[in-house]
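In: Sequence and computational prediction follow.
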Amino acid sequence: MLNSEYLQRVYSQVVTRDPDQKEFHQAVLEVLESLDLIVDKHPEYEANGVIESFVEPERVVTFRVPWVDDQGKVQVNRGYRVQFNSAIGPYKGGLRFHPTVNLSILKFLGFEQILKNSLTGLPIGGAKGGSDFDPKGKSDAEVMRFCQSFMTELYRHIGQFTDVPAGDIGVGAREIGYLFGQYRRIRDAHEAGILTGKGLTYGGSLARTEATGYGLCYLTAEMLKCMKNDSFAGKTVVISGSGNVAIFAAEKAMALGAKVVALSDSNGFVHDPNGIQLDVVKDIKLGHRGRIKEYAERVAGSTYTEGFRGIWTIPCDIALPCATQNEIDEDIAKTIVKNGAMAVAEGANMPCRPEAIRVFQEAGLLFAPAKAANAGGVATSALEMCQNSMRYSWTFEEVDAKLKSIMEHIFHNIYDASKDCGVTGDLVVGANIAGFKKVVDAMLAQGIV
Ligand code: NDP
Ligand code: 2IT
(Lines give C-alpha, C1' and ligand atoms only; values in the text may rest on other atoms or scores of the structure.)
(Ligands and ions follow the chains in the order given, each with its own letter.)
Protein backbone atom coordinates (compact mmCIF):
# COMPACT_ATOMS: atom_id res chain seq x y z
CA MET A 1 0.00 0.00 0.00
CA LEU A 2 1.11 3.57 0.57
CA ASN A 3 4.33 4.41 2.43
CA SER A 4 3.85 8.15 2.65
CA GLU A 5 1.83 9.19 5.65
CA TYR A 6 0.59 12.24 3.73
CA LEU A 7 -0.72 10.10 0.86
CA GLN A 8 -2.31 7.66 3.28
CA ARG A 9 -4.19 10.57 4.84
CA VAL A 10 -5.33 11.86 1.45
CA TYR A 11 -6.52 8.40 0.43
CA SER A 12 -8.39 7.71 3.62
CA GLN A 13 -10.16 11.05 3.29
CA VAL A 14 -11.21 10.14 -0.26
CA VAL A 15 -12.64 6.84 0.99
CA THR A 16 -14.30 8.34 4.05
CA ARG A 17 -15.94 11.14 2.10
CA ASP A 18 -17.47 8.88 -0.53
CA PRO A 19 -17.38 5.33 0.81
CA ASP A 20 -19.46 3.91 -2.05
CA GLN A 21 -17.33 5.23 -4.92
CA LYS A 22 -15.31 2.06 -5.53
CA GLU A 23 -14.20 2.82 -9.09
CA PHE A 24 -13.04 6.27 -8.03
CA HIS A 25 -11.07 4.84 -5.10
CA GLN A 26 -9.42 2.35 -7.46
CA ALA A 27 -8.31 5.07 -9.90
CA VAL A 28 -7.04 7.34 -7.10
CA LEU A 29 -5.13 4.61 -5.28
CA GLU A 30 -3.24 3.61 -8.43
CA VAL A 31 -2.09 7.20 -8.94
CA LEU A 32 -1.18 7.69 -5.27
CA GLU A 33 0.89 4.49 -5.36
CA SER A 34 2.91 6.03 -8.18
CA LEU A 35 3.22 9.38 -6.40
CA ASP A 36 4.53 7.48 -3.39
CA LEU A 37 7.82 7.15 -5.30
CA ILE A 38 8.34 10.92 -5.56
CA VAL A 39 6.32 12.63 -2.84
CA ASP A 40 9.13 12.75 -0.29
CA LYS A 41 11.19 14.83 -2.71
CA HIS A 42 8.36 17.36 -2.99
CA PRO A 43 7.43 18.84 0.40
CA GLU A 44 5.67 21.65 -1.50
CA TYR A 45 2.84 19.24 -2.38
CA GLU A 46 1.81 18.76 1.23
CA ALA A 47 2.57 22.36 2.17
CA ASN A 48 0.14 23.58 -0.49
CA GLY A 49 -2.47 20.86 -0.08
CA VAL A 50 -1.95 20.02 -3.72
CA ILE A 51 -2.84 16.35 -3.65
CA GLU A 52 -5.95 16.99 -1.52
CA SER A 53 -7.03 19.42 -4.27
CA PHE A 54 -6.02 17.04 -7.02
CA VAL A 55 -8.40 14.29 -5.84
CA GLU A 56 -11.37 16.63 -5.35
CA PRO A 57 -13.32 17.78 -8.45
CA GLU A 58 -13.49 21.53 -8.95
CA ARG A 59 -17.21 21.18 -9.60
CA VAL A 60 -19.82 18.42 -9.98
CA VAL A 61 -23.17 19.16 -11.58
CA THR A 62 -26.09 16.73 -11.46
CA PHE A 63 -29.39 17.42 -13.07
CA ARG A 64 -32.77 15.98 -14.04
CA VAL A 65 -33.24 14.98 -17.67
CA PRO A 66 -36.95 14.55 -18.49
CA TRP A 67 -37.94 13.42 -21.97
CA VAL A 68 -40.96 11.93 -23.72
CA ASP A 69 -40.73 8.42 -25.19
CA ASP A 70 -42.44 7.22 -28.37
CA GLN A 71 -45.48 6.09 -26.36
CA GLY A 72 -45.95 9.64 -25.05
CA LYS A 73 -44.76 8.66 -21.56
CA VAL A 74 -42.43 10.95 -19.61
CA GLN A 75 -39.12 9.33 -18.68
CA VAL A 76 -36.70 10.89 -16.23
CA ASN A 77 -32.95 10.23 -16.25
CA ARG A 78 -30.11 11.74 -14.30
CA GLY A 79 -27.44 13.86 -15.99
CA TYR A 80 -23.95 14.67 -14.70
CA ARG A 81 -20.88 16.72 -15.48
CA VAL A 82 -17.78 16.28 -13.34
CA GLN A 83 -15.46 19.25 -13.97
CA PHE A 84 -12.37 17.86 -12.33
CA ASN A 85 -9.38 20.04 -13.07
CA SER A 86 -8.85 23.10 -15.29
CA ALA A 87 -5.28 24.02 -14.30
CA ILE A 88 -3.80 23.44 -17.75
CA GLY A 89 -6.80 24.20 -19.97
CA PRO A 90 -10.59 24.12 -20.25
CA TYR A 91 -12.27 21.01 -18.85
CA LYS A 92 -12.28 18.32 -21.55
CA GLY A 93 -13.68 14.82 -21.62
CA GLY A 94 -16.44 12.66 -22.98
CA LEU A 95 -20.08 12.00 -22.16
CA ARG A 96 -21.14 8.43 -21.41
CA PHE A 97 -24.75 7.29 -21.85
CA HIS A 98 -25.11 3.87 -20.24
CA PRO A 99 -27.45 2.46 -17.56
CA THR A 100 -24.48 1.78 -15.24
CA VAL A 101 -23.41 5.44 -15.13
CA ASN A 102 -23.10 6.86 -11.62
CA LEU A 103 -20.95 9.41 -9.83
CA SER A 104 -18.24 6.91 -8.93
CA ILE A 105 -17.73 5.93 -12.56
CA LEU A 106 -17.76 9.51 -13.81
CA LYS A 107 -15.35 10.63 -11.10
CA PHE A 108 -12.90 7.84 -11.94
CA LEU A 109 -13.15 8.73 -15.62
CA GLY A 110 -12.78 12.46 -14.96
CA PHE A 111 -9.80 11.85 -12.68
CA GLU A 112 -8.00 9.70 -15.26
CA GLN A 113 -8.85 12.25 -17.91
CA ILE A 114 -6.80 14.93 -16.12
CA LEU A 115 -3.62 12.87 -16.45
CA LYS A 116 -4.43 11.58 -19.93
CA ASN A 117 -5.08 15.07 -21.24
CA SER A 118 -1.88 16.30 -19.65
CA LEU A 119 0.06 13.51 -21.42
CA THR A 120 -1.21 14.63 -24.83
CA GLY A 121 0.92 17.77 -24.41
CA LEU A 122 -2.09 19.88 -25.42
CA PRO A 123 -3.77 22.52 -23.22
CA ILE A 124 -6.82 20.62 -21.93
CA GLY A 125 -8.06 20.04 -18.40
CA GLY A 126 -10.00 16.98 -17.22
CA ALA A 127 -13.75 16.26 -17.07
CA LYS A 128 -16.35 13.60 -17.71
CA GLY A 129 -20.12 13.52 -17.85
CA GLY A 130 -23.06 11.53 -18.97
CA SER A 131 -26.29 9.92 -17.93
CA ASP A 132 -27.83 6.63 -16.88
CA PHE A 133 -29.87 6.84 -20.10
CA ASP A 134 -29.57 3.72 -22.28
CA PRO A 135 -29.59 4.55 -26.00
CA LYS A 136 -29.83 0.84 -26.84
CA GLY A 137 -33.22 -0.05 -28.28
CA LYS A 138 -34.36 3.59 -28.43
CA SER A 139 -35.59 5.18 -31.65
CA ASP A 140 -33.65 8.05 -33.22
CA ALA A 141 -36.49 10.38 -32.20
CA GLU A 142 -36.23 9.25 -28.56
CA VAL A 143 -32.45 9.72 -28.57
CA MET A 144 -32.93 13.19 -30.07
CA ARG A 145 -35.47 14.23 -27.44
CA PHE A 146 -33.22 12.91 -24.69
CA CYS A 147 -30.17 14.76 -26.07
CA GLN A 148 -32.13 17.99 -26.43
CA SER A 149 -33.28 17.78 -22.83
CA PHE A 150 -29.76 16.90 -21.63
CA MET A 151 -28.26 19.90 -23.42
CA THR A 152 -31.01 22.21 -22.19
CA GLU A 153 -29.33 21.98 -18.80
CA LEU A 154 -25.74 21.22 -19.80
CA TYR A 155 -25.39 24.27 -22.07
CA ARG A 156 -25.03 26.66 -19.14
CA HIS A 157 -21.99 24.76 -17.82
CA ILE A 158 -19.95 24.40 -21.04
CA GLY A 159 -18.18 26.67 -23.53
CA GLN A 160 -15.11 26.67 -25.75
CA PHE A 161 -13.04 28.28 -22.97
CA THR A 162 -14.84 26.52 -20.11
CA ASP A 163 -15.65 22.90 -20.80
CA VAL A 164 -15.72 20.94 -24.06
CA PRO A 165 -17.52 17.57 -23.94
CA ALA A 166 -17.24 14.78 -26.54
CA GLY A 167 -18.35 11.16 -26.96
CA ASP A 168 -17.71 8.01 -24.93
CA ILE A 169 -19.71 4.79 -24.50
CA GLY A 170 -23.16 5.28 -26.02
CA VAL A 171 -22.35 8.73 -27.38
CA GLY A 172 -21.25 8.80 -31.02
CA ALA A 173 -21.83 10.96 -34.08
CA ARG A 174 -25.64 10.78 -33.81
CA GLU A 175 -25.77 11.94 -30.19
CA ILE A 176 -23.12 14.66 -30.69
CA GLY A 177 -25.16 15.98 -33.63
CA TYR A 178 -28.36 16.27 -31.57
CA LEU A 179 -26.48 17.81 -28.64
CA PHE A 180 -24.77 20.35 -30.87
CA GLY A 181 -28.03 21.26 -32.61
CA GLN A 182 -29.72 22.01 -29.30
CA TYR A 183 -26.78 24.10 -28.07
CA ARG A 184 -26.79 26.13 -31.29
CA ARG A 185 -30.52 26.71 -30.98
CA ILE A 186 -30.33 27.85 -27.35
CA ARG A 187 -27.32 30.13 -27.90
CA ASP A 188 -28.29 31.36 -31.35
CA ALA A 189 -24.65 31.02 -32.34
CA HIS A 190 -22.55 28.48 -34.21
CA GLU A 191 -19.81 27.99 -31.62
CA ALA A 192 -18.14 24.95 -33.13
CA GLY A 193 -15.59 24.57 -30.32
CA ILE A 194 -18.13 23.67 -27.61
CA LEU A 195 -18.19 19.95 -28.47
CA THR A 196 -15.83 17.60 -30.30
CA GLY A 197 -16.54 14.52 -32.34
CA LYS A 198 -18.81 16.62 -34.53
CA GLY A 199 -19.84 15.62 -38.05
CA LEU A 200 -17.57 16.73 -40.85
CA THR A 201 -20.20 19.07 -42.31
CA TYR A 202 -20.42 21.23 -39.18
CA GLY A 203 -16.94 21.54 -37.72
CA GLY A 204 -15.76 18.00 -37.04
CA SER A 205 -12.20 16.88 -37.65
CA LEU A 206 -11.15 14.24 -40.12
CA ALA A 207 -9.68 11.21 -38.30
CA ARG A 208 -11.44 11.94 -34.97
CA THR A 209 -13.64 8.86 -35.47
CA GLU A 210 -10.62 6.65 -36.00
CA ALA A 211 -8.34 8.43 -33.53
CA THR A 212 -8.67 6.41 -30.30
CA GLY A 213 -8.23 3.03 -31.99
CA TYR A 214 -5.51 4.20 -34.36
CA GLY A 215 -3.72 6.01 -31.54
CA LEU A 216 -3.83 2.86 -29.39
CA CYS A 217 -2.03 0.95 -32.13
CA TYR A 218 0.49 3.74 -32.77
CA LEU A 219 1.48 3.75 -29.09
CA THR A 220 1.52 -0.05 -28.92
CA ALA A 221 3.68 -0.24 -32.05
CA GLU A 222 6.18 2.20 -30.56
CA MET A 223 6.22 0.23 -27.29
CA LEU A 224 6.83 -3.04 -29.16
CA LYS A 225 9.59 -1.45 -31.23
CA CYS A 226 11.43 0.25 -28.38
CA MET A 227 11.00 -2.33 -25.64
CA LYS A 228 11.05 -5.61 -27.59
CA ASN A 229 12.45 -4.68 -31.01
CA ASP A 230 9.22 -6.12 -32.43
CA SER A 231 6.06 -5.04 -34.28
CA PHE A 232 2.42 -5.92 -35.04
CA ALA A 233 3.47 -7.83 -38.16
CA GLY A 234 2.34 -11.45 -38.01
CA LYS A 235 0.88 -11.12 -34.50
CA THR A 236 -2.46 -12.51 -33.37
CA VAL A 237 -4.58 -9.85 -31.67
CA VAL A 238 -7.71 -10.14 -29.51
CA ILE A 239 -9.79 -7.00 -29.04
CA SER A 240 -12.73 -6.77 -26.65
CA GLY A 241 -15.71 -4.56 -27.50
CA SER A 242 -16.96 -3.74 -30.97
CA GLY A 243 -17.67 -0.04 -30.64
CA ASN A 244 -15.80 3.02 -31.82
CA VAL A 245 -12.48 2.20 -30.15
CA ALA A 246 -12.45 -1.53 -30.91
CA ILE A 247 -13.36 -1.21 -34.59
CA PHE A 248 -10.65 1.29 -35.43
CA ALA A 249 -8.07 -0.45 -33.27
CA ALA A 250 -8.80 -3.56 -35.33
CA GLU A 251 -8.50 -1.60 -38.57
CA LYS A 252 -5.07 -0.18 -37.68
CA ALA A 253 -3.75 -3.44 -36.16
CA MET A 254 -4.61 -5.18 -39.44
CA ALA A 255 -3.04 -2.38 -41.48
CA LEU A 256 0.14 -2.91 -39.45
CA GLY A 257 0.16 -6.60 -40.39
CA ALA A 258 -1.59 -8.28 -37.46
CA LYS A 259 -4.42 -10.79 -37.56
CA VAL A 260 -7.37 -9.81 -35.34
CA VAL A 261 -9.23 -12.99 -34.39
CA ALA A 262 -11.92 -11.90 -31.92
CA LEU A 263 -14.29 -9.07 -30.97
CA SER A 264 -17.09 -8.86 -28.40
CA ASP A 265 -20.04 -6.89 -27.08
CA SER A 266 -21.73 -7.03 -23.69
CA ASN A 267 -23.58 -10.23 -24.66
CA GLY A 268 -20.78 -12.38 -26.03
CA PHE A 269 -17.85 -12.73 -28.41
CA VAL A 270 -17.03 -13.91 -31.91
CA HIS A 271 -13.92 -15.89 -32.81
CA ASP A 272 -12.75 -15.99 -36.40
CA PRO A 273 -9.47 -17.94 -36.69
CA ASN A 274 -9.15 -16.76 -40.31
CA GLY A 275 -9.06 -13.14 -39.20
CA ILE A 276 -12.04 -10.87 -38.56
CA GLN A 277 -13.59 -9.35 -41.69
CA LEU A 278 -13.94 -5.73 -40.68
CA ASP A 279 -16.33 -4.72 -43.46
CA VAL A 280 -18.85 -7.21 -42.01
CA VAL A 281 -18.35 -5.83 -38.48
CA LYS A 282 -18.77 -2.24 -39.71
CA ASP A 283 -21.92 -3.20 -41.56
CA ILE A 284 -23.37 -4.78 -38.39
CA LYS A 285 -22.25 -2.18 -35.85
CA LEU A 286 -22.06 1.08 -37.77
CA GLY A 287 -24.65 0.14 -40.42
CA HIS A 288 -27.59 -0.91 -38.27
CA ARG A 289 -26.45 -0.95 -34.62
CA GLY A 290 -26.67 -4.76 -34.59
CA ARG A 291 -25.18 -7.31 -32.20
CA ILE A 292 -21.78 -8.97 -32.73
CA LYS A 293 -23.53 -12.37 -32.75
CA GLU A 294 -24.64 -11.59 -36.34
CA TYR A 295 -21.03 -11.90 -37.47
CA ALA A 296 -21.01 -15.64 -36.83
CA GLU A 297 -24.28 -16.00 -38.73
CA ARG A 298 -22.71 -14.27 -41.73
CA VAL A 299 -19.11 -15.50 -41.82
CA ALA A 300 -18.39 -19.21 -42.30
CA GLY A 301 -15.73 -20.63 -40.02
CA SER A 302 -16.42 -18.17 -37.20
CA THR A 303 -18.17 -18.94 -33.91
CA TYR A 304 -20.19 -16.98 -31.36
CA THR A 305 -20.12 -17.67 -27.61
CA GLU A 306 -22.37 -16.08 -24.98
CA GLY A 307 -20.68 -14.10 -22.18
CA PHE A 308 -18.21 -11.31 -22.93
CA ARG A 309 -15.39 -12.37 -20.59
CA GLY A 310 -14.78 -15.65 -22.44
CA ILE A 311 -13.03 -13.75 -25.22
CA TRP A 312 -9.86 -13.77 -23.11
CA THR A 313 -9.57 -17.56 -23.28
CA ILE A 314 -8.58 -17.18 -26.95
CA PRO A 315 -4.78 -17.23 -27.24
CA CYS A 316 -3.19 -14.06 -28.60
CA ASP A 317 0.15 -12.25 -28.80
CA ILE A 318 -1.36 -8.82 -28.14
CA ALA A 319 -4.48 -8.12 -26.06
CA LEU A 320 -6.33 -4.84 -26.59
CA PRO A 321 -9.24 -4.50 -24.13
CA CYS A 322 -11.52 -1.85 -25.69
CA ALA A 323 -14.94 -2.36 -24.03
CA THR A 324 -15.32 -1.08 -20.48
CA GLN A 325 -13.77 -0.84 -16.99
CA ASN A 326 -12.69 -3.80 -14.88
CA GLU A 327 -13.37 -6.50 -17.46
CA ILE A 328 -9.98 -8.18 -16.87
CA ASP A 329 -9.52 -9.57 -13.38
CA GLU A 330 -6.64 -11.55 -11.91
CA ASP A 331 -7.84 -14.93 -13.22
CA ILE A 332 -8.38 -13.63 -16.74
CA ALA A 333 -4.95 -12.01 -16.63
CA LYS A 334 -3.39 -15.34 -15.64
CA THR A 335 -5.14 -16.99 -18.59
CA ILE A 336 -3.81 -14.32 -20.98
CA VAL A 337 -0.28 -14.86 -19.62
CA LYS A 338 -0.59 -18.67 -19.74
CA ASN A 339 -1.66 -18.46 -23.37
CA GLY A 340 1.60 -16.73 -24.23
CA ALA A 341 0.70 -13.07 -24.80
CA MET A 342 3.57 -10.56 -24.98
CA ALA A 343 1.72 -7.24 -24.65
CA VAL A 344 -1.47 -5.69 -23.29
CA ALA A 345 -2.55 -2.15 -24.15
CA GLU A 346 -5.70 -0.59 -22.72
CA GLY A 347 -8.05 0.97 -25.29
CA ALA A 348 -10.91 1.23 -22.79
CA ASN A 349 -10.56 3.24 -19.58
CA MET A 350 -9.33 1.08 -16.67
CA PRO A 351 -10.29 -2.27 -18.27
CA CYS A 352 -7.73 -4.12 -16.12
CA ARG A 353 -8.10 -4.49 -12.39
CA PRO A 354 -4.97 -3.66 -10.33
CA GLU A 355 -4.35 -7.35 -9.54
CA ALA A 356 -4.48 -8.10 -13.27
CA ILE A 357 -1.91 -5.41 -14.05
CA ARG A 358 0.36 -6.90 -11.41
CA VAL A 359 0.05 -10.34 -13.05
CA PHE A 360 1.05 -8.88 -16.44
CA GLN A 361 3.98 -6.93 -15.06
CA GLU A 362 5.30 -9.79 -12.94
CA ALA A 363 5.14 -12.11 -15.96
CA GLY A 364 7.19 -9.61 -17.98
CA LEU A 365 4.49 -8.61 -20.46
CA LEU A 366 4.56 -5.12 -21.91
CA PHE A 367 1.67 -3.16 -20.39
CA ALA A 368 0.42 0.21 -21.66
CA PRO A 369 -2.11 1.89 -19.33
CA ALA A 370 -5.24 3.57 -20.67
CA LYS A 371 -4.32 7.13 -19.79
CA ALA A 372 -1.46 6.90 -22.26
CA ALA A 373 -2.66 4.22 -24.67
CA ASN A 374 -6.11 5.64 -25.45
CA ALA A 375 -5.14 9.32 -25.35
CA GLY A 376 -5.34 9.57 -29.14
CA GLY A 377 -9.07 10.22 -29.01
CA VAL A 378 -8.91 13.24 -26.78
CA ALA A 379 -5.70 14.45 -28.45
CA THR A 380 -7.54 14.54 -31.76
CA SER A 381 -10.45 16.26 -30.02
CA ALA A 382 -7.96 18.96 -29.06
CA LEU A 383 -6.85 19.09 -32.70
CA GLU A 384 -10.52 19.53 -33.62
CA MET A 385 -10.74 22.49 -31.19
CA CYS A 386 -7.63 23.90 -32.79
CA GLN A 387 -9.14 23.69 -36.28
CA ASN A 388 -12.39 25.23 -35.00
CA SER A 389 -10.45 28.18 -33.56
CA MET A 390 -8.62 28.66 -36.86
CA ARG A 391 -11.86 28.24 -38.86
CA TYR A 392 -9.91 25.85 -41.02
CA SER A 393 -9.56 22.10 -41.46
CA TRP A 394 -6.62 19.83 -42.01
CA THR A 395 -6.65 16.80 -44.31
CA PHE A 396 -7.02 13.28 -42.96
CA GLU A 397 -3.32 12.67 -43.56
CA GLU A 398 -2.34 15.82 -41.67
CA VAL A 399 -4.43 14.95 -38.61
CA ASP A 400 -3.34 11.31 -38.69
CA ALA A 401 0.34 12.31 -38.87
CA LYS A 402 -0.08 14.63 -35.86
CA LEU A 403 -1.88 11.85 -33.96
CA LYS A 404 0.91 9.37 -34.68
CA SER A 405 3.56 11.79 -33.54
CA ILE A 406 1.61 12.62 -30.35
CA MET A 407 1.25 8.93 -29.48
CA GLU A 408 4.94 8.21 -30.08
CA HIS A 409 5.84 11.21 -27.99
CA ILE A 410 3.57 9.97 -25.17
CA PHE A 411 5.30 6.59 -25.21
CA HIS A 412 8.76 8.13 -24.90
CA ASN A 413 7.60 10.59 -22.26
CA ILE A 414 6.15 7.87 -20.02
CA TYR A 415 9.02 5.48 -20.66
CA ASP A 416 11.54 8.16 -19.69
CA ALA A 417 9.49 9.03 -16.60
CA SER A 418 9.53 5.37 -15.52
CA LYS A 419 13.31 5.40 -15.89
CA ASP A 420 13.66 8.60 -13.87
CA CYS A 421 11.65 6.98 -11.07
CA GLY A 422 13.93 3.95 -11.04
CA VAL A 423 11.27 1.56 -12.38
CA THR A 424 12.26 1.44 -16.05
CA GLY A 425 9.49 0.03 -18.23
CA ASP A 426 6.73 0.37 -15.61
CA LEU A 427 4.53 2.50 -17.83
CA VAL A 428 1.80 2.74 -15.19
CA VAL A 429 4.12 4.69 -12.94
CA GLY A 430 5.57 6.56 -15.93
CA ALA A 431 2.15 7.72 -17.13
CA ASN A 432 0.97 8.73 -13.68
CA ILE A 433 4.09 10.71 -12.85
CA ALA A 434 4.57 12.36 -16.24
CA GLY A 435 0.89 13.31 -16.42
CA PHE A 436 0.82 14.58 -12.85
CA LYS A 437 3.96 16.74 -13.05
CA LYS A 438 2.60 19.14 -15.65
CA VAL A 439 -0.71 19.56 -13.84
CA VAL A 440 0.85 20.01 -10.43
CA ASP A 441 3.31 22.60 -11.73
CA ALA A 442 0.38 24.54 -13.19
CA MET A 443 -1.59 24.23 -9.95
CA LEU A 444 1.32 25.44 -7.82
CA ALA A 445 2.06 28.33 -10.18
CA GLN A 446 -1.54 29.51 -9.94
CA GLY A 447 -1.75 29.49 -6.15
CA ILE A 448 -4.66 28.10 -4.14
CA VAL A 449 -7.51 28.08 -6.66
P1 NDP B 1 -19.00 2.43 -27.80
O2 NDP B 1 -20.29 2.77 -27.17
O3 NDP B 1 -18.77 2.78 -29.23
O4 NDP B 1 -18.72 0.87 -27.67
C5 NDP B 1 -18.64 0.26 -26.43
C6 NDP B 1 -18.34 -1.21 -26.62
O7 NDP B 1 -18.04 -1.79 -25.37
C8 NDP B 1 -19.53 -1.96 -27.16
O9 NDP B 1 -19.11 -3.06 -27.92
C10 NDP B 1 -20.24 -2.40 -25.89
O11 NDP B 1 -21.09 -3.52 -26.06
C12 NDP B 1 -19.07 -2.73 -25.01
N13 NDP B 1 -19.46 -2.55 -23.60
C14 NDP B 1 -19.90 -1.39 -23.04
N15 NDP B 1 -20.22 -1.59 -21.75
C16 NDP B 1 -19.99 -2.87 -21.50
C17 NDP B 1 -20.13 -3.66 -20.35
N18 NDP B 1 -20.56 -3.17 -19.18
N19 NDP B 1 -19.77 -4.93 -20.45
C20 NDP B 1 -19.31 -5.44 -21.63
N21 NDP B 1 -19.18 -4.75 -22.76
C22 NDP B 1 -19.50 -3.48 -22.69
O23 NDP B 1 -17.88 3.07 -26.87
P24 NDP B 1 -16.35 3.38 -27.20
O25 NDP B 1 -15.81 2.38 -28.14
O26 NDP B 1 -16.25 4.81 -27.52
O27 NDP B 1 -15.70 3.19 -25.75
C28 NDP B 1 -15.09 1.97 -25.34
C29 NDP B 1 -14.12 2.25 -24.21
O30 NDP B 1 -13.10 3.16 -24.68
C31 NDP B 1 -14.70 2.92 -22.97
O32 NDP B 1 -14.00 2.49 -21.84
C33 NDP B 1 -14.40 4.40 -23.21
O34 NDP B 1 -14.37 5.12 -21.99
C35 NDP B 1 -13.03 4.29 -23.84
N36 NDP B 1 -12.58 5.43 -24.62
C37 NDP B 1 -13.31 5.95 -25.64
C38 NDP B 1 -12.83 7.00 -26.39
C39 NDP B 1 -13.55 7.56 -27.55
O40 NDP B 1 -13.01 8.47 -28.19
N41 NDP B 1 -14.72 7.07 -27.91
C42 NDP B 1 -11.54 7.62 -26.06
C43 NDP B 1 -10.81 6.96 -25.02
C44 NDP B 1 -11.34 5.92 -24.33
P45 NDP B 1 -22.69 -3.31 -26.10
O46 NDP B 1 -22.99 -2.76 -27.47
O47 NDP B 1 -23.25 -4.67 -25.87
O48 NDP B 1 -23.03 -2.36 -25.00
O1 2IT C 1 -12.04 8.74 -22.50
C2 2IT C 1 -11.77 9.58 -23.39
O3 2IT C 1 -10.63 10.05 -23.49
C4 2IT C 1 -12.84 10.00 -24.29
N5 2IT C 1 -13.94 9.47 -24.20
C6 2IT C 1 -12.59 11.08 -25.30
C7 2IT C 1 -12.76 12.44 -24.69
C8 2IT C 1 -12.70 13.61 -25.64
O9 2IT C 1 -12.90 14.72 -25.15
O10 2IT C 1 -12.45 13.43 -26.84
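Out: Thanks, I have it. Ligands and ions are numbered 1, 2, ... in the order given.
In: need the longest strand for the chain.
Out: Assignment by DSSP state E gives strand 74-85 as the longest strand of the chain.
In: That strand: how far from the chain's middle?
Out: The chain centre lies 18 Å from the centre of strand 74-85; the measure is Cα atoms, centre = their mean, to the nearest Å.
In: quick one, phi/psi of the residue in the stretch 101-250 of the chain positioned nearest to ligand 1?
Out: Closest contact between the stretch 101-250 of the chain and ligand 1, by Cβ to the nearest ligand atom, is at G243 (1.8 Å). Placement of C-beta: from N, CA and C, glycine included. G243 adopts backbone torsions of phi -100, psi -150, taken as degrees, to the nearest 10.
In: so what's it up against?
Out: 169, 265, 285, 322-323 (Cβ atoms under 8 Å, 6 or more residues apart in numbering).
In: about what we covered before: pLDDT of the longest strand of the chain, averaged?
Out: Mean per-residue pLDDT for strand 74-85: 98.
In: And stretch 348-362, by the same measure?
Out: pLDDT averaged over stretch 348-362 gives 98.
In: Spatially central, which residue of the chain would that be?
Out: For the chain, the residue nearest the mean C-alpha position is N349 (4.4 Å; Cα atoms, centre = their mean).
In: And the pLDDT for the residue lying closest to it once chain neighbours are set aside?
Out: Excluding the flanking residues, the one nearest N349 by Cβ to Cβ, 6 or more residues apart in numbering is A370, at 5.0 Å. You'll see A370 listed with a pLDDT of 98.
In: Near ligand 2, which residues of the stretch 151-300 of the chain are found?
Out: Applying Cβ under 6 Å from any ligand atom, we find that the stretch 151-300 of the chain lies next to ligand 2 at 166, 168, 196.
In: Quick one: residues contacting the second one.
Out: Contacts for D168 were tallied using Cβ under 8 Å, 6+ apart; they are 93-96, 109, 128, 130.
In: Likewise for the last one?
Out: For T196, the contacting residues are 164-166, 204-205, 208, 381-382, 384-385, by Cβ under 8 Å, 6+ apart.
In: how about a cut-off of 6 Å?
Out: Applying Cβ atoms under 6 Å, 6 or more residues apart in numbering to T196 gives the contacts 166, 381, 384.
In: helices or strands up against the lowest-mean-pLDDT helix or strand in the chain?
Out: Of all helical and strand segments in the chain, the minimum by mean pLDDT, DSSP states H and E falls on helix 288, at a mean of 94. Contacts defined by 3 or more Cβ pairs under 6 Å, 6 or more residues apart in numbering; DSSP states H and E place helix 288 against no helix or strand at all.
In: returning to that earlier point: show me the contact partners of the longest strand of the chain.
Out: Under Cβ under 6 Å, 6+ apart, the answer for strand 74-85 is 57-63, 65-69, 91, 106-107, 110, 114, 125-129, 131-133, 150, 157, 163.
In: can we see that at 7 Å?
Out: 57-69, 91, 103, 106-107, 110-111, 113-114, 125-133, 150, 153-154, 157, 163, 439 (Cβ atoms under 7 Å, 6 or more residues apart in numbering).
In: got the contact list for the residue in the stretch 301-449 of the chain positioned nearest to ligand 2?
Out: Of all residues in the stretch 301-449 of the chain, S381 sits closest to ligand 2, at 3.3 Å by Cβ to the nearest ligand atom. Counting by Cβ under 7 Å, 6+ apart, S381 touches 92, 166, 196-197, 208.
In: with the residues you listed in mind, which one is nearest to V423?
Out: When the contacts of S381 are compared for distance to V423 (Cβ to Cβ), K92 wins out at 29.0 Å.
In: host element of the closest one?
Out: strand 91-97 (DSSP states H and E).
In: Where does the prediction get shaky in the stretch 1-150 of the chain?
Out: Within the stretch 1-150 of the chain, no stretch has pLDDT under 70.
In: Could you pull out the helices in it for me?
Out: 5-17, 22-35, 43-47, 50-54, 103-119, 140-154 (DSSP state H, counting those that start in this stretch).
In: Show me what the fourth one is packed up against.
Out: So the one you mean is helix 50-54. helix 5-17, helix 427-445 (3 or more Cβ pairs under 7 Å, 6 or more residues apart in numbering; DSSP states H and E).
In: now, of those, which is deepest in the fold?
Out: Across those, averaging neighbours per residue (mean count of other Cβ atoms under 10 Å) puts helix 427-445 on top, at a mean of 22.
In: just to revisit the earlier point, got the contacts of G243 as CSV, with distance to D400, secondary structure and neighbour count columns?
Out: CSV is the format used below for the contacts of G243 (distance: Cβ to Cβ, whole Å; DSSP: H, G, I helix; E, B strand; the rest coil; neighbours: other Cβ atoms under 10 Å):
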residue, distance to D400, secondary structure, neighbour count
I169, 24, coil, 25
D265, 27, coil, 20
K285, 22, helix, 22
C322, 19, coil, 30
A323, 24, coil, 25
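In: These also near ligand 1: which ones?
Out: Restricting those to contacts with ligand 1 (Cβ under 6 Å from any ligand atom) yields 169, 265, 322-323.
In: Also within reach of ligand 1: list those from the residues of the stretch 151-300 of the chain next to ligand 2.
Out: Checking those against ligand 1 (Cβ under 6 Å from any ligand atom), the matches are D168.
In: So which bits of the stretch 251-400 of the chain are right by ligand 1?
Out: Within the stretch 251-400 of the chain, the positions adjacent to ligand 1 are 265-267, 308, 322-324, 347-349, 374, 377 by Cβ under 6 Å from any ligand atom.
In: Restricted to strands, list those residues.
Out: Going by DSSP E, the strands hold none of those.
In: Mind checking the helices and strands packed on helix 50-54 for the one nearest to E175?
Out: Counting by Cβ to Cβ, E175 lies closest to helix 427-445 out of these; the figure is 28.0 Å.
In: The residue in the stretch 101-250 of the chain positioned nearest to ligand 2: neighbour count?
Out: Residue nearest to ligand 2 within the stretch 101-250 of the chain: A166 (3.3 Å; Cβ to the nearest ligand atom). The number of residues packed near A166 is 23, by other Cβ atoms under 10 Å.
In: I'm done for today, thanks for sticking with me.
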